[in-house]
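**Student:** Structure for this input, please:
(chains A, B, C and D)
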2 protein chains.
Amino acid sequence: MTVTLADVAARARVSPATVSRVLNGNYPVAASTRERVLRAVDELDYVLNGPASSLAAATSDLVGVLVNDIADPFFGIMASAAQSAIGESASGRAGGQKLAVVCNTGGSPERELTYLTLLQRQRAAAVILMGGSLEDPEHLAATAGKLAKLAEAGTRVVLCGRPPVPGDAHAAALVFDNRTGARRLAEHLLGLGHRRIGYVAGPADRTTTRHRLEGHREALAAAGVAEGPTVHGPYDRRSGHEATAELLARDPSLTAVVAANDTVALGVCAALRERGLSIPGDVSVAGFDDLPFSIDAVPALTTVRLPLHEAGVRAGRLAMGTEEAPAGGRDTVPAELLVRGSTAPPRG
Amino acid sequence: MTVTLADVAARARVSPATVSRVLNGNYPVAASTRERVLRAVDELDYVLNGPASSLAAATSDLVGVLVNDIADPFFGIMASAAQSAIGESASGRAGGQKLAVVCNTGGSPERELTYLTLLQRQRAAAVILMGGSLEDPEHLAATAGKLAKLAEAGTRVVLCGRPPVPGDAHAAALVFDNRTGARRLAEHLLGLGHRRIGYVAGPADRTTTRHRLEGHREALAAAGVAEGPTVHGPYDRRSGHEATAELLARDPSLTAVVAANDTVALGVCAALRERGLSIPGDVSVAGFDDLPFSIDAVPALTTVRLPLHEAGVRAGRLAMGTEEAPAGGRDTVPAELLVRGSTAPPRG
DNA sequence: TCCTCGATAGAAAGCGCTTTCTTCCGAGGG
DNA sequence: CCCTCGGAAGAAAGCGCTTTCTATCGAGGA
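**Tutor:** So this is what the prediction gives:
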């Protein structure tokens, strides 16, 4: 029924071992023999049996990329970059064709763990975790344990946009400098003269949320300005929309709103506009991440750019072992303030 | 070193066969025995060897989801929906935990084929192809062949947003009614009084592009209105931005521009605005897909809504066999016109 | 001319699981 | 009281590949 290595071997009049060696290309095979084998493969339309191969070789060509929300371009961009970096470096066994796959955790710790187990089960060659994680100690410990076990089994572990697991030297980590980015953004607003700044934060208990909030507060504290109202919510426009009402209710004299990210900022803008407030005339708005649409917002969004594509590519390379792991196992990815039309001095 | 089924068996004082049966749960095992086995599994922290399991059982728990561009929310939303639908239906063997993975083809036929081969290699349980495909006959034939082979090997094949492969009864297909959607949109514009309508189409040779264009032309033809300038380009904002210049150069008297999708429409709006043209005062703009941000554009984008989430869920269910395949193997997903602020009658 | 060595190719032993075929055991039926 | 029968567990044969260990052959070197 299905064509096996043995069938190919028979047709090429060689042993199965030889066929395997031709296919994996890490053993000297005479050119004429190789030729014959490849022809047989072609004629029989043979496709390697992955499970069998993985079982025998004790490794697979699967690379898992875990993201919090695949429908969010923030992750889409990084995942896409990683996937192409992985697809390109076609080295290693079996033609080096790795199967880079992205798994959507939806931000749920359980699903994250489930996916990690599933990947462990598949003996994945590498795993990339993208985006911030929950800060629940229990979950952190569980994840750390899983990752350690994966690393131990030979799976390369890469963190991208997530702080390194304390006490885990196995994983290479690309850490986004959310704190500095948020600080710069707040400093920009303060520099413009804003003193009453609302903040629509991301979900509580997330590293990304906390770091951005901390950077924001640092700047305020340094300037001796009191912290404005803060509301937490998911990373979507609706959250920004709803939070704005809450923020305004708590402090009607706000002159600026900082959003957890650009998507949220869009919701903030919509809500502001519905109330007849102009941007940045009445209220300045700022986002984070510099997602593609943020430059097309009206007015264009002041935001903090994270080099998502570049980070994704690096994560992919690290996963493939194509790029040297950074010294100390971690490297910081800088955030850059982008001032655009949505922020201006407060109405005098 | 690594814990195997045999280790668990030894610890539970049963045979490997029994452990396997407990884990797969499709054979009578006495409650007390099951208990003992599960405890051993837990104590040893045993994780099933996926490749070995797949090899022996001749099936795997991998479900591949192929998308054209993972960074595009259009695909992200569908993929996310499919993935959660797949994650939820935890029936079948091995706890039924399927590993739903999304693969990014980048719209490249080669990569699409590569991924299909890789999934075939893994003996994937199902494959979902999302989004339009290239209309190149050669590629179409190659894909059809691959899909036939996959289906033959027991892999379920689902098409979502892509026309069914002619003469292929294996695949269930969810077809977006792009043609009708585009026609309605054009009719709307015509109804407002527009007679000079530019069109920024998607990449040539793509089914989605062609169907939308055809619907558009149908409406124009029915109304006896001459077709305006058309420019092709990728599905990104830059394309819309650049195409607008071209469109305006070809016909400076345009009163409306229809874009391939919402993202492109955003680029169109930006370009128009840069030229000092107001929307919809000087030029009306319409998008397609109703991506989340389109309602936050200023003005809000008139567009055609496709139920991406629902379609994704259905695709996931079809892949799991949880949902009955539609009669005739294909089902049409309706498109709904959404009139918002970006379209208005042309200036008098 | 004999022996050694490098380059290839083959034989065969698993890899860790699933599953068919058996075996075993206690409960009823005759 | 013996036999049959059904439920539960074990034995063992692979699943299709990789890889170590061997075998073979022709070319040089002594």
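**Student:** Helix, strand, or coil at A:Thr2?
**Tutor:** Secondary structure for A:Thr2, judged by DSSP: H, G, I helix; E, B strand; the rest coil, is coil.
**Student:** Report the spatially nearest residue to it, omitting neighbours in sequence.
**Tutor:** Leaving aside its chain neighbours, A:Thr2 sits nearest to B:Ala153 (6.8 Å; criterion: Cβ to Cβ, 6 or more residues apart in numbering or on different chains). (Each C-beta comes from the backbone N, C-alpha and C, glycine too.)
**Student:** Can you check the pLDDT for that neighbour?
**Tutor:** As predicted, B:Ala153 sits at a pLDDT of 90.
**Student:** how many neighbours does it have?
**Tutor:** 15 (other Cβ atoms under 10 Å in any protein chain shown).
**Student:** Could you pull up the contacting residues of it?
**Tutor:** A:Thr2, B:Gln120, B:Arg123 (Cβ atoms under 8 Å, 6 or more residues apart in numbering or on different chains).
**Student:** Quick one: name the residues of the stretch 201-348 of chain A near chain B.
**Tutor:** A:236-237, A:263, A:266-267, A:269-270, A:273, A:292-293, A:295-298 (Cβ under 8 Å from any Cβ of the partner chain).
**Student:** now with 6 Å?
**Tutor:** Along the stretch 201-348 of chain A, the residues adjacent to chain B under the rule Cβ under 6 Å from any Cβ of the partner chain are A:Leu266, A:Ala270, A:Phe293, A:Asp296, A:Val298.
**Student:** Farthest pair within the residues you listed?
**Tutor:** Maximum pairwise distance among these (Cβ to Cβ): 14.4 Å, between A:Ala270 and A:Asp296.
**Student:** can you pull out the helices in the stretch 101-250 of chain A?
**Tutor:** All helices of the stretch 101-250 of chain A, identified by DSSP state H, counting those that start in this stretch, fall at A:109-121, A:137-152, A:178-192, A:207-223, A:237-250.
**Student:** In JSON lines: these, plus distance to DNA strand D and mean neighbour count.
**Tutor:** JSON lines is the format used below for those (distance: least, Cβ to the nearest atom of the strand, whole Å; neighbours: other Cβ atoms under 10 Å in any protein chain shown):
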{"stretch": "helix A:109-121", "distance to DNA strand D": "16", "mean neighbour count": "20"}
{"stretch": "helix A:137-152", "distance to DNA strand D": "19", "mean neighbour count": "16"}
{"stretch": "helix A:178-192", "distance to DNA strand D": "42", "mean neighbour count": "21"}
{"stretch": "helix A:207-223", "distance to DNA strand D": "39", "mean neighbour count": "19"}
{"stretch": "helix A:237-250", "distance to DNA strand D": "48", "mean neighbour count": "20"}
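**Student:** now the residue nearest the centre of chain A, which residues is it bridged with?
**Tutor:** By Cα atoms, centre = their mean, chain A has its centre lying nearest to A:Met130, at 3.1 Å. Beta-bridge partners recorded for A:Met130 (DSSP bridges): A:Cys160.
**Student:** could you measure it against A:Cys160, distance?
**Tutor:** As judged by Cβ to Cβ, to the nearest Å, A:Met130 and A:Cys160 stand 5 Å apart.
**Student:** Same question for A:Thr2.
**Tutor:** 38 Å.
**Student:** The two: which is more packed in?
**Tutor:** Legend: neighbour count by other Cβ under 10 Å for A:Thr2 and A:Cys160, higher for A:Cys160 (30 against 12).
**Student:** ok so A:Thr59 is a strand residue?
**Tutor:** No. Secondary structure of A:Thr59 (three-state DSSP): coil, not part of a strand.
**Student:** Next one, pLDDT for it please.
**Tutor:** For A:Thr59, the model assigns a pLDDT of 90.
**Student:** can you tell if stretch A:39-51 touches DNA strand D?
**Tutor:** Yes. Using Cβ under 7 Å from any atom of the strand, stretch A:39-51 comes into contact with DNA strand D via A:Tyr46, A:Leu48, A:Asn49.
**Student:** do that stretch and chain B meet?
**Tutor:** Yes. Stretch A:39-51 lies within reach of chain B by Cβ under 6 Å from any Cβ, at A:Val47, A:Leu48, A:Gly50, A:Pro51.
**Student:** I'd like to know which of the residues you listed are part of helices.
**Tutor:** A:Gly50, A:Pro51 (DSSP state H).
**Student:** export the residues of stretch A:39-51 next to chain B to CSV and tack on neighbour count, pLDDT and distance to B:Arg317?
**Tutor:** Formatted as CSV, the residues of stretch A:39-51 next to chain B follow (neighbours: other Cβ atoms under 10 Å in any protein chain shown; pLDDT from 0 to 100; distance: Cβ to Cβ, whole Å):
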residue, neighbour count, pLDDT, distance to B:Arg317
A:Val47, 18, 95, 28
A:Leu48, 23, 96, 30
A:Gly50, 26, 95, 26
A:Pro51, 26, 96, 26
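**Student:** Can you tell me the closest non-neighbouring residue to A:Gly321?
**Tutor:** Leaving out its chain neighbours, the residue that sits closest to A:Gly321 by Cβ to Cβ, 6+ apart is A:Arg156, at 6.5 Å.
**Student:** I'd guessed the one you found sits against A:Ala126; true?
**Tutor:** Yes. Taking Cβ atoms under 6 Å as the definition, A:Arg156 is a contact partner of A:Ala126 at 3.9 Å.
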